[in-house]
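*Asks:* just need the structure, nothing else, for what follows:
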Amino acid sequence: MADRRRPPTEEDSALARTSGTVLARYAHANRPLRVRVTEQEQTIELPPGAVALLIEILQAMAAGRGVNIIPQNAELTTVQAAEILNVSRPFLIKLLENGTIPYHKVGTHRRVRMEDVIYYKETIDRERETVLDQQVEEAQNLDMGY
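*Replies:* Model prediction:
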C-alpha cells in the first residue's frame, strides 16, 4: 500500500533535478507523453496524471525529500494516519472518537480511509490559512510593522 523510501542520496537528488527539468519541458496538460526506453528500444505512453505525479516526485527528490505513495482509496491504520497528519496516535484517536474523522473497525482495529485523512488535512490547512490572513490584516490595521 505505501512505499516508504529514505531521503534520496545527493546523486539521486541531482539526477532527479535534471530529469524533472527535462520532463517538465515535454509535459502538456491533458495529453499523454510518449517516452522512449533506450535499453529496450521501446516507446511507452504515459497518461497525463502519471506525468504530473512523476514530475512532483522528481521535484521532491531534487529537494532531498523522501516520497511515500499511498492510493487514495487505501485504508490506513491509526499509526499510518497519524504519520500523514504529523500528529500523535492518541491525538488521532481523539479525532476519530469525537467523529471529526470517520473510521470503521476491522475486528478490534480502527481503519481510516486515505480520502478522509486528506480531507481533514486540507480542511485544517484552509482554516489555518484563514486565521493567519486575519492576523496579518489585524497587524496591518494596528500598524504593527508587518
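
*Asks:* where does I55 fall, secondary structure wise?
*Replies:* Here I55, judged by DSSP states H and E, is contained in helix 48-62.

*Asks:* and that helix, which residues are buried?
*Replies:* For helix 48-62, the neighbour count (16 or more other Cβ atoms under 10 Å) marks 51, 54-55, 57-62 as buried. The C-beta positions use only the backbone N, C-alpha and C, and glycine is treated the same way.

*Asks:* please name every helix or strand in contact with that helix.
*Replies:* Using 3 or more Cβ pairs under 8 Å, 6 or more residues apart in numbering; DSSP states H and E as the contact test, the elements touching helix 48-62 are helix 10-26.

*Asks:* what's the helix it packs on packed up against?
*Replies:* Of the remaining helices and strands, those touching helix 10-26 by 3+ Cβ pairs under 8 Å, 6+ apart are helix 48-62.

*Asks:* what sits up against the helix it packs on?
*Replies:* Outside helix 48-62, the residues that touch it by Cβ atoms under 8 Å, 6 or more residues apart in numbering are 8, 12-14, 16-17, 19-20, 23-24, 27-33, 46, 66-67, 69.

*Asks:* can you put the buried residues of helix 48-62 in TSV and add pLDDT and distance to L142?
*Replies:* TSV is the format used below for the buried residues of helix 48-62 (pLDDT from 0 to 100; distance: Cβ to Cβ, whole Å):
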residue	pLDDT	distance to L142
V51	91	47
L54	92	47
I55	92	42
I57	92	44
L58	93	44
Q59	93	39
A60	91	39
M61	92	43
A62	93	41
